[in-house]
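Peer 1: Here is a sequence together with a model predicted from it:
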Amino acid sequence: MLTEDTRGPEQFGPAPSLPALKVAPIHGVLPYAGSRNPLTRSDSVKRVSMTIATPMTDWKPQVYHFDGESEYAVALDVLRSPDVFGLEVQLAPIQYFCRRKRKLRNHHFDLRVTFNDGYRRAIYVKNARSLARRSTIDEIEDIFAAATGVIADECIVVNADDYTRAYRDNLRRIWDMMQAVDAEADAVVEAAARNGSYCYLSDLIALCDIEDWRAYRAALRLIGRGILRTDLHGVCAYTSLVELAA
């Protein structure tokens with residue numbers, strides 16, 4: 001017979017810690033290669049998983065997991081560059097001496113980018129509030145001292161707060177459009193951008209002798225490649241101001 005459970009919330013105790021989620025093998029896709037799986041449950045952070053193909057993976061899609069939306073956005077921002085050879089996430093831990101604790105500790109870098117010339121850049125992502133703390137500044141100095149020249153040629157800090165929601169959404173749209181190749185549309189829009197007169201994206205699209213939707217997608221790709229410029233902290237739409245950047 002069922003009976004009513006009259007225990008209060010405090011009597012149930014803390015929720016059990018659950019293991020990180022695992023992505024099952026996907027046909028034709030390389031598995032996740034990070035040394036740490038960040039897909040743990042969280043009430044405050046949105047984990048992100050996606051597939052990415054780069055020259056490092058021989059253009060085969062590979063599963064990538066990101067600690068949160070900021071790390072994901074930084075990756076998309078980096079991948080816009082044609083100079084990028086490959087991306088790695090959740091690197092193997094590097095040991096460093098923590099001056100505050102007076103002991104050795106481990107750190108997993110969020111991202112490491114390898115460029116076509118072999119140059120490697122490790123990226124440390126934190127929000128502005130954390131970066132302002134003296135303890136975080138000291139920790140970064142200790143980590144970078146141990147990592148520079150060992151796992152990367154250069155280590156940099158990225159402020160996660162620079163990646164506003166609109167910026168993240170625009171990067172995602174740009175990334176999606178860059179996966180849809182349309183060289184003819186790109187050439188038409190770039191020629192119109194270099195030779196025509198316009199202020200808004202709608203004006204530029206009107207100069208192109210192709211369908212509006214193709215011209216819009218091409219414009220996003222050109223923004224992604226740094227040929228066109230607009231304010232990525234606002235929604236990138238037909239009413240956006242746009243100009244030639246290169």
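Peer 2: Okay, I see it.
Peer 1: For the residue lying closest to residue 20 once chain neighbours are set aside, give me its contacts.
Peer 2: Nearest non-adjacent residue to residue 20, counting by CB to CB, 6 or more residues apart in numbering: residue 37, 4.2 Å away. Where you see a C-beta, it was placed from the backbone N, CA and C, and this is true even at glycine. Contacts for residue 37 (CB atoms under 8 Å, 6 or more residues apart in numbering) come out as 20-22, 65, 90.
Peer 1: next SSE after the helix or strand where residue 176 lies?
Peer 2: According to DSSP states H and E, residue 176 maps onto helix 165-178. Sequence-wise, the next helix or strand downstream of helix 165-178 (DSSP H and E) is helix 183-195.
Peer 1: Give me the buried positions along that following helix.
Peer 2: 185-186, 188-190, 192-193 (16 or more other CB atoms under 10 Å).
Peer 1: which residues touch stretch 137-144?
Peer 2: Contact partners of stretch 137-144, identified using CB under 8 Å, 6+ apart, comprise 94, 96-100, 107, 124, 131, 155, 157.
Peer 1: these two touch, right, residue 164 and residue 234?
Peer 2: No. In this structure, residue 164 is not within contact of residue 234 by CB atoms under 8 Å, at 9.4 Å.
Peer 1: in the helix holding residue 176, what counts as buried?
Peer 2: For helix 165-178, the neighbour count (16+ other CB under 10 Å) marks 167-168, 170-175, 177-178 as buried.
Peer 1: Would you convert the residues you listed into CSV that also reports pLDDT and distance to residue 50?
Peer 2: Below are those laid out as CSV (pLDDT from 0 to 100; distance: CB to CB, whole Å):
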residue, pLDDT, distance to residue 50
167, 96, 17
168, 96, 13
170, 96, 16
171, 97, 12
172, 96, 10
173, 96, 14
174, 97, 14
175, 96, 9
177, 96, 15
178, 95, 13
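Peer 1: where does residue 1 land on pLDDT?
Peer 2: Note on residue 1: pLDDT of 45.
Peer 1: Would you map the helices across this structure?
Peer 2: Secondary structure of the chain by DSSP state H: the helices cover 9-12, 69-79, 128-131, 134-147, 165-178, 183-195, 201-206, 212-224.
Peer 1: and the angle from the fifth one to helix 69-79?
Peer 2: Here helix 165-178 runs at 40 degrees with respect to helix 69-79, directions being taken by axes from the mean of the first three to the mean of the last three CA atoms, to 10 degrees.
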